[in-house]
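Colleague: Need a 3D model of the following:
(chains A, B and C)
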Amino acid sequence: MSEVPISHILFVSTALFFIGMYGLFTRRNMITMLMAIELILNSVNINFVVFNKFLYPEKLDGIFFTIFIITIAAAEAAIAIAIIINLYRSHRSIDVESASEMKG
Amino acid sequence: MVSGEWVEKQQLEMSYSSYIALIPLLPLASFVILGLFGKKYLPAGRQGFKNYSGVVGCLVLLACTLLSLYTAYHYFFIDGKVNDNYQTLIPIKYTWLSFSDSLSIDMGIILDPISVMMLVVVSFISLMVHIFSLGYMKGEERFGTYYAFLSLFTFSMLGLVVASNIFQTYIFWELVGISSYLLIGFYYDRPSAVAAAKKAFIVTRFADLGFLIGILILGFQSETLDFNTLIQRLTDVRSPQLLAIASTSFLGISLLTWALTLVFIGGAGKSAMFPLHIWLPDAMEGPTPVSALIHAATMVVAGVYLVARLFPVFHINGASLHVVTWAGALSAFLAAVIACTQTDIKRVLAYSTISQIGYMMFALGVSGYGGENGLGYTASMFHLFTHAFFKSLLFLCAGAVIHIVHSNEMKDMGGLRKFMPITNIAFLIACLAIAGIPPFAGFFSKEEILLAAWQNNTAIYYIGLITSGITAFYMFRLYFSIFWNNTHHSPPHSYRDTTHHPEGTMSMKIPLVILTIGTLLVGFTPFSNFISSDGKAFASEVHLTFSIVPVTIAIVGILIAYSLYFKRSDRPQKVAASLGGLYKTAYRKFYMDEIYLFVTKKVIFNLVGRPSAWIDRNIVDGTMNGIAWTTGKISVLIKGVQSGRVQSYALYFFGGIVVLAIVILYLWK
Amino acid sequence: MNLSLLILLPLLSAVAIIPFKGARSARIISLISSSSQLVLAFALLYFYLNERSAGNTANMLFEDNYTWYAPLHINYHVGVDGISIAMILLTAFVVLAGVLISWNVEKLGKEFFFLLLFLSVGAYGFFISLDLFTLFFFLEVAVIPKFLLIGIWGSGKKQYSAMKLALMLMTGSAFVFVGLIGLYLNTNTGNGQHTFDILQIAQMNIPLSVQKFFFPFAFVGFGVFGALFPFHTWVPDGHSSAPTAASMFLAGISMKLGGYGCLRVATFLMPDAAHQYSWIIIVLASIAILYGAFATMMQTDLKYINAYSSVSHCGFVLLGIGILTKTAITGAVMQMVSHGLMTALFFAGIGMIYDRTHTRQLSQLGGLLKIMPFISTVFVIAGLCSLGLPGFSGFVAEVTVFMGGWSRADNFYRIATIVACASIVVTAVYILRAVGKAIMGPLNVGEGDSSLLRRAAGGGVDAKWNEKWAAALLIIGIVAIGIAPFWLNDLVTPATETIMNKISAIVK
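Modeller: Below you'll find the model as predicted:
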């Protein structure tokens, strides 16, 4: 099979990144925002893997980093869900617009 | 001056310095003591002579008068004269407030003919008023305060007449003004009295503004504030200061004219010269003895005194003398006309005072300088002297009348001669004096004034002549209306005041008697032997042929008054009706008060005061409030950034990173 | 004579108040402290005059110099000359009178006296500082207590006035700070080192361009404190809403911080710029004098009358400084002292009236002389001093300024002097209007208190002992200057000459 050029993969990861950003900025449902954050993190993962493969094929630093990020993403997701649950308890809603106490 | 003479002068001054300061300071002490302790320790009693404050006041004034008489005796008869010239002595002088090496306000006492004369006049008349008030103000709750204010006034006036520094004069000028305010407003729960006091102070304050600016000009141009030095520098033809002041001009008028005219404006305010006379009739709201003291004999002559003090300088500047002359003549004439129509006896006397002071002013105005040429000067001072006697006598008599009748209006009086014989005689003699009938005091002084006018400015002479006729008329109108005019009617209830002798207590009668004797005798003083414009005595005589015309006109005036007012009739009303508008205008005092009210209320309050307050509130303060409001609005705008929405924050965060990235990657060198 | 005592005494007293509960102990401590402060001020005067007559002709006496923060060359440098001593005496009198007047303050008494003492620390420190930073420090110390005093114990629209006062004064301080930093950065004590020391800066030659740029900042900044037109609008609301003692302090001392600062900092350290801008200062000051007087004429609230009249009188201070002659500056200092005492007395009188009638509107007052003779006399004396009656201090100060103004033989200065002179008439109008309406006339005590008339019949509404002492104290000060002005003149003139020496090198 012919090599997939790096630019294609980078395109994918960039697209994922911006889709994730779009989702983060525009979605009102906090769980959906969380999913968008996951997208962003995963796009970064793709970037690491790709650069690792194309620039430093004999090393595995990038892949190690990817493992780190997956772990941390999991932990962060857990914490984020905890926060969302607490917010739900006080606001009865997981709409991010309702948590506007910092207004003004 | 030769050194021997100078040493002698020093010794002479020393001989006065031991006691001369007591003359003004004794009343000051009396003021302080009566003011602070009068209420507590010296209460006004209702029984006879328990009015200790009054006693204290009278004793102090007695001491003052004796000291003044002693000083006068010493000065005029013993050692004041050197080589036929009365000298100017300055026994006391110390620096009070110094501005620079040459300019300072010194407190000092100057003794020269006019100041010694004024010492006698002020202290004597004040003593008479003090004694009169023992009876007149008996039963008054604020008896002690009254005597305290009287002492304050006496102190201020005495300080004014002996001031050796022009600023010192200004200081005592203001003090006299405030004493007058306190005394006019003595019956303070009467709104009319409060308004009158306020008017008096403000009108004179306005004039004092002119005085102040005049002092500034004179002081700086002659580089001194001391009277002696100032006069020397501004009258010596070779002095550089005179050259400078006479050649500098502002708006086309020489600085000297400006200075002297402004100083005269100050004097005109205090002396109630037209058009600054409006305060004096209203000032009659004060107790009558106060009117006798302040608004007849002493304070109102302060302006004349000031012009006399600066006379050598006025003399070299003809323009300012013209102002003096015409202001005096105008006041004399117009006030006399107004006096013919007034029905309040104190107001008649007030306008009469304005008129007589007008005489004194224009006498100064037409005067020359030196010996016989200075006849106007001597005549003016002589008239001041005699006027003090008969005018205060008139006012005290009026006080006695008001005390009985409990009203100021002529219509409530009539036929009083039966109940008040002493007052009747006193009033008659005073009226004869003021009308200028020989041999009473006013005749001599008035003749000299008219003679001086005849010699220098015949237009003024005619004005003075006509005015003296009018004077005789209105004074006798007053006399007949009060003491005659009702003989066939039984007197109204108030005359039957039997709680005390209707003519007032002994303390009210004694001053009347003393002043009457004074009015009879004082005309015979050889005044020109003592007081003249340059200190040199000269002989002046009565010119009988000259006097015929004025005396005749006076007698004609008296006769007209007799025919109209001796018996009750309606002739006065008919005459008034026939004069129609003229009468009305004179009765309304030529609408001067209305003009004053208009200028102050409509013009100054509404066109200057209100806009100032409005501008300050709305524009200046509005700007500050506006800045605050703008800050608030901007803050609200910026506050919008803190939306509380997490996603906006995230967006700003991301935007910041992008900007930073661009900066670092592309712009960082 | 250790000058720091002047600051330590009120500071320690303020601290000493903290542990006690309630107003009783607080006010006794304050009374002892401020009386001792007065004694201290007189002792200072005595020692100062001794030193001077012993031939000590140094600029400043009793100097103390401690390094505070070396890297920025900030020193705690204090010293006094004639002008400072006059101001210290003024502060001592007014603070003691203020403490006495506030004897019966009802709510939060302890805090009230604490703030009052704290204010006086600021004032004393300001007047003895010879280091720009220290001077600014003490200036700032004085602002926040004022805000609290007006906001909590005031009357009328106190929140608004307190906020306005605080903001405007702080803006003024900000301007001052800019000016000071500008000066600092342009001083050079060898090796490019800067200094905040006033005496050292006075010896240096600061370039004209720098002076012209920073002088407006410094002068306007201090001018806000000293009621420079058009930055004076905090005065009417601030003074009127403040409680009596705070008004006395504000008008009596705080406005003098501005005048003193204009003189000691702006004019002394930047004389060339002062000379260049003097015409603007004179114009603004003259406007303040006459326009302030006219605005006063229309006021109907007693406190507003006094506040606007303060604007007018403080115009004299700035006018004297602007004219830049020895006599005029001496007059400005005298006016600071005189006006401080007089306005404190006036506010004391108004406060006493307000306490009893609960109204300050002229339309609701009348004939108070009948029921409150002492208070009415106090009111009248304050009024007479305000209109410049000889025998009181106001006349002395105003006359000195007039003479100073006239001494410049230039039409501009003379016209400004005439404008200032004209104010004596307008002042007489509004003072006599207030006196005539409130003190004289038929009796009228507003709708405040119907029991007032009943108590008055029993003779119980006149001044109490504390109010009498406060008034007597201030009246003694006013009369002492009014009758014997030579002592104040001799005290202030040598210091003015020092300032003039710097200025006349330019004004030739």
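Colleague: and for stretch B:181-189, what are the contacting residues?
Modeller: The contact list for stretch B:181-189, computed with Cβ atoms under 8 Å, 6 or more residues apart in numbering or on different chains, reads B:142, B:145-146, B:149-150, B:152-153, B:193-194, B:196-198, B:200-201, B:283, B:285-287, B:290, B:294, C:367, C:369-370, C:432, C:436, C:439-443. C-beta here means a position set from N, CA and C on the backbone, and glycine is covered the same way.
Colleague: What's the PyMOL syntax to select whichever of these are buried?
Modeller: Applying 16 or more other Cβ atoms under 10 Å in any protein chain shown to the contacts of stretch B:181-189, the buried members can be selected in PyMOL as follows:
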select buried, (chain B and resi 142+145+146+149+150+152+153+193+194+196+197+198+200+201+283+285+286+287+290+294) or (chain C and resi 367+369+370+432+436+439+440+441)
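Colleague: Now chain B against chain A: closest residue?
Modeller: residue B:644 (3.0 Å; Cβ to the nearest Cβ).
Colleague: So that residue sits against residue A:98, correct?
Modeller: No: using Cβ atoms under 8 Å, residue B:644 makes no contact with residue A:98, being 10.0 Å away.
Colleague: The lengthiest helix in chain A: how far from the chain's middle?
Modeller: Taking DSSP state H as the criterion, chain A has its longest helix at helix A:61-91. For helix A:61-91, the distance from its own C-alpha centre to the chain's C-alpha centre is 10 Å (Cα atoms, centre = their mean, to the nearest Å).
Colleague: With stretch C:139-154 instead?
Modeller: Centre to centre, stretch against its chain (Cα atoms, centre = their mean), the figure for stretch C:139-154 is 16 Å.
Colleague: what do you get for stretch B:163-170?
Modeller: For stretch B:163-170, the distance to the chain centre is 16 Å (Cα atoms, centre = their mean).
Colleague: what mean pLDDT would you report for it?
Modeller: If you average the pLDDT over stretch B:163-170, you get 93.
Colleague: burial of the residue of chain B closest to chain A, as a residue count?
Modeller: 14 (other Cβ atoms under 10 Å in any protein chain shown).
Colleague: OK, contacts around it?
Modeller: By Cβ under 8 Å, 6+ apart, the neighbours of residue B:644 are A:99, A:100, A:101, A:102, A:103, A:104.
Colleague: Tell me the secondary structure at it.
Modeller: Of the three states, residue B:644 takes coil under DSSP: H, G, I helix; E, B strand; the rest coil.
Colleague: again with residue B:96
Modeller: Residue B:96 ends up strand, using three-state DSSP.
Colleague: Ramachandran angles for residue C:444?
Modeller: phi -160, psi 120 (degrees, to the nearest 10).
Colleague: so what's the nearest residue to it once chain neighbours are set aside scoring on pLDDT?
Modeller: The spatial neighbour of residue C:444 that comes closest, neighbours along the chain excluded (Cβ to Cβ, 6 or more residues apart in numbering or on different chains), is residue C:366 at 3.4 Å. According to the prediction, residue C:366 has pLDDT 86.
Colleague: And for residue B:652?
Modeller: As predicted, residue B:652 sits at a pLDDT of 91.
Colleague: could you say what helices and strands the helix or strand hosting it packs with?
Modeller: Counting by DSSP states H and E, the element that carries residue B:652 is helix B:646-662. Under the contact criterion of 3 or more Cβ pairs under 8 Å, 6 or more residues apart in numbering or on different chains; DSSP states H and E, helix B:646-662 touches helix A:6-26.
Colleague: Quick one: mean pLDDT over the helix it packs on.
Modeller: The pLDDT scores in helix A:6-26 average 93.
Colleague: Same check on stretch C:100-114?
Modeller: Rounded mean pLDDT across stretch C:100-114 is 87.
Colleague: Could you list the buried residues of stretch B:539-550?
Modeller: So, applying 16+ other Cβ under 10 Å, buried residues of stretch B:539-550: B:540, B:547, B:550.
Colleague: That stretch: end-to-end distance?
Modeller: Length of stretch B:539-550, first residue to last, Cα to Cα, to the nearest Å: 22 Å.
Colleague: try stretch B:403-413
Modeller: 12 Å.
Colleague: Check stretch C:356-376 too.
Modeller: OK, stretch C:356-376 end separation, Cα to Cα: 13 Å.
Colleague: same question, stretch C:426-445
Modeller: 27 Å.
Colleague: Determine how far that stretch lies from the middle of the whole chain.
Modeller: Worked out by Cα atoms, centre = their mean, stretch C:426-445 lies 25 Å from the chain centre.
Colleague: helices or strands up against the longest helix of chain A?
Modeller: helix A:30-55.
Colleague: just to revisit the earlier point, for the helix holding residue B:652, could you pull out the residues that count as buried?
Modeller: B:646, B:647.
Colleague: again with stretch C:327-341
Modeller: Using 16+ other Cβ under 10 Å as the test for burial, stretch C:327-341 gives C:327-341.
Colleague: shaky segments in the stretch 1-150 of chain C?
Modeller: Nowhere does the stretch 1-150 of chain C drop to pLDDT under 70.
Colleague: does chain C sit close to stretch B:614-621?
Modeller: Yes: for stretch B:614-621 and chain C, the contact criterion (Cβ under 8 Å from any Cβ of the partner chain) is met by B:615, B:616, B:620, B:621.
Colleague: Ignoring the adjacent residues along the chain, who's closest to residue C:20?
Modeller: residue C:26 (6.1 Å).
Colleague: continuing past the one helix or strand the one you found maps to, what's the next helix or strand?
Modeller: Here residue C:26 sits within helix C:23-53, counting by DSSP H and E. Proceeding N to C from helix C:23-53, the next assigned helix or strand is strand C:61-69, under DSSP H and E.
Colleague: in which helix or strand would I find the residue in the stretch 51-200 of chain C positioned nearest to chain A?
Modeller: Distances between the stretch 51-200 of chain C and chain A by Cβ to the nearest Cβ are smallest at residue C:163, namely 19.9 Å. Element membership for residue C:163, per DSSP H and E: helix C:158-185.
Colleague: just residue B:358 next, same as before
Modeller: Going by DSSP H and E, residue B:358 is part of helix B:345-365.
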